[in-house]
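Peer 1: Just to be clear, the model below is a prediction. Sequence and coordinates:
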Amino acid sequence: MEPLSKLSKNYQVTVSDCDFTKKLKLSSLFNYFQEIAALHADNLGIGISTLEYNYGVIWALIRIRTDIIRHPGLNEEILIETWPQYPKKYEFHRDFLIRDAQDNIIVRAASVWVLLDKKTRELKKSELITGNYPPLFTERAIDSPLRKIRPEGKPEISYKRVIGCSDIDVNGHLNNSKYIDFIMDCFSMKDIQRYQVRSLQVNYLNEALAGDTITLLKDSSSLDKGIIYIEGLNEQDDKVIFNAEINVAAI
């Protein structure tokens with residue numbers, strides 16, 4: 001198959017992809033991103049199986065930001081586009097756009113991936129693998145860099161969650177889209193009916209495994225600015241598993 005600079009795929013938002021408001025769940029959105037990124041990596045000769053068997057490494061998502069102009073709804077047809085930038089020393093940057101049936105851009109996203117040794121989880125340089133890169137797009141879906149995230153106030157415990165086997169992905173750790181469900185469960189149904197997520201950045205900091213207990217903490221001290229901070233703390237070692245900044249607007 002000829003390597004593609006940009007990969008596009010049509011999706012239909014199904015019942016199982018939606019929340020109780022009949023809008024696309026953010027975790028489903030992240031699943032879409034994960035799927036199309038994997039398809040494009042395969043096309044470029046650096047897919048999951050190739051990395052595992054030829055290089056002994058795995059893809060790991062470390063940061064992602066999603067800006068939502070409009071949330072897709074139930075049964076809506078959407079088109080997702082993705083393209084990578086040329087690799088940096090350690091990081092692989094990949095962007096996404098979602099268009100509606102009228103070709104309007106309704107979602108923008110930018111992500112950063114790295115290579116980890118499958119057994120030791122040691123960070124590996126990008127030069128370890130060789131991709132079949134055609135001329136790539138230099139445009140970015142989101143121009144601003146994905147920065148570190150810090151709370152403005154003191155996060156308070158929202159709830160605790162034990163990671164089950166169904167939360168674990170092909171890499172043997174908590175799947176990136178599951179974090180999004182954990183984040184959204186920090187809110188009540190009334191919150192979700194009152195506010196809409198306009199932007200979400202998640203920084204994945206440490207692995208979470210089956211059996212781990214994660215304490216979810218939330219800081220809403222900047223809600224007047226439309227900003228909410230959430231982090232997940234591993235009870236076993238007190239390490240921050242992830243942190244996230246959500247920008248919301250009243251519906």
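Peer 2: Yep, that arrived. Numbers count the residues shown, from 1 in each chain.
Peer 1: and Lys6, how many neighbours?
Peer 2: Neighbour count of Lys6, defined by other CB atoms under 10 Å: 15. Placement of C-beta: from N, CA and C, glycine included.
Peer 1: next one: the longest helix belonging to the chain to chain centre, how far?
Peer 2: If each helix of the chain is counted by residues according to DSSP state H, the longest one is helix 26-43. Taking CA atoms, centre = their mean, to the nearest Å, one finds the center of helix 26-43 at 9 Å from the center of the full chain.
Peer 1: any idea which helix or strand comes after that helix?
Peer 2: helix 48-50 (DSSP states H and E).
Peer 1: now that following helix: mean pLDDT?
Peer 2: When pLDDT is averaged along helix 48-50, the result is 96.
Peer 1: which of the residues in that helix are buried?
Peer 2: Applying a neighbour-count criterion of 16 or more other CB atoms under 10 Å, one finds Thr50 buried in helix 48-50.
Peer 1: helices or strands next to the helix or strand that it is followed by in the packing?
Peer 2: Counting by DSSP H and E, the element after helix 48-50 in chain order, helix or strand, is strand 57-68. Other elements packing on strand 57-68 under the criterion 3 or more CB pairs under 8 Å, 6 or more residues apart in numbering; DSSP states H and E are helix 26-43, strand 105-117, strand 195-204.
Peer 1: one step back: show me which positions of the longest helix of the chain end up buried.
Peer 2: With burial defined by 16+ other CB under 10 Å, the residues of helix 26-43 counted as buried are 26-34, 36-37, 40-41, 43.
Peer 1: Serialize those residues to CSV and add fields for pLDDT and distance to Arg94.
Peer 2: Output for the buried residues of helix 26-43, formatted as CSV (pLDDT from 0 to 100; distance: CB to CB, whole Å):
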residue, pLDDT, distance to Arg94
Leu26, 98, 18
Ser27, 98, 19
Ser28, 98, 19
Leu29, 98, 15
Phe30, 98, 13
Asn31, 98, 15
Tyr32, 99, 13
Phe33, 99, 9
Gln34, 98, 11
Ile36, 99, 10
Ala37, 98, 6
His40, 98, 8
Ala41, 97, 9
Asn43, 97, 13
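Peer 1: sorry, back to before: which residues are contacting the longest helix of the chain?
Peer 2: For helix 26-43, contacts defined as CB atoms under 8 Å, 6 or more residues apart in numbering pick out 1, 3-4, 7, 9, 11, 13, 16-18, 47-48, 50, 59, 61, 64, 66, 80, 82-84, 94, 96, 107, 109, 111, 113, 175-178, 180-181, 183-184, 197, 200.
Peer 1: sorry, back to before: now tabulate the buried residues of helix 26-43 in a markdown table and tack on distance to Gln193.
Peer 2: Shown next, in a markdown table, are the buried residues of helix 26-43 (distance: CB to CB, whole Å):
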| residue | distance to Gln193 |
| --- | --- |
| Leu26 | 15 |
| Ser27 | 18 |
| Ser28 | 19 |
| Leu29 | 19 |
| Phe30 | 22 |
| Asn31 | 23 |
| Tyr32 | 24 |
| Phe33 | 25 |
| Gln34 | 28 |
| Ile36 | 30 |
| Ala37 | 31 |
| His40 | 36 |
| Ala41 | 37 |
| Asn43 | 40 |
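Peer 1: all helices for the stretch 151-251 of the chain, in order.
Peer 2: 176-184, 189-194 (DSSP state H, counting those that start in this stretch).
Peer 1: The first one to strand 195-204, inter-axis angle?
Peer 2: Yep, that's helix 176-184 we're talking about. With axes from the mean of the first three to the mean of the last three CA atoms, to 10 degrees applied, the angle from helix 176-184 to strand 195-204 works out at 130 degrees.
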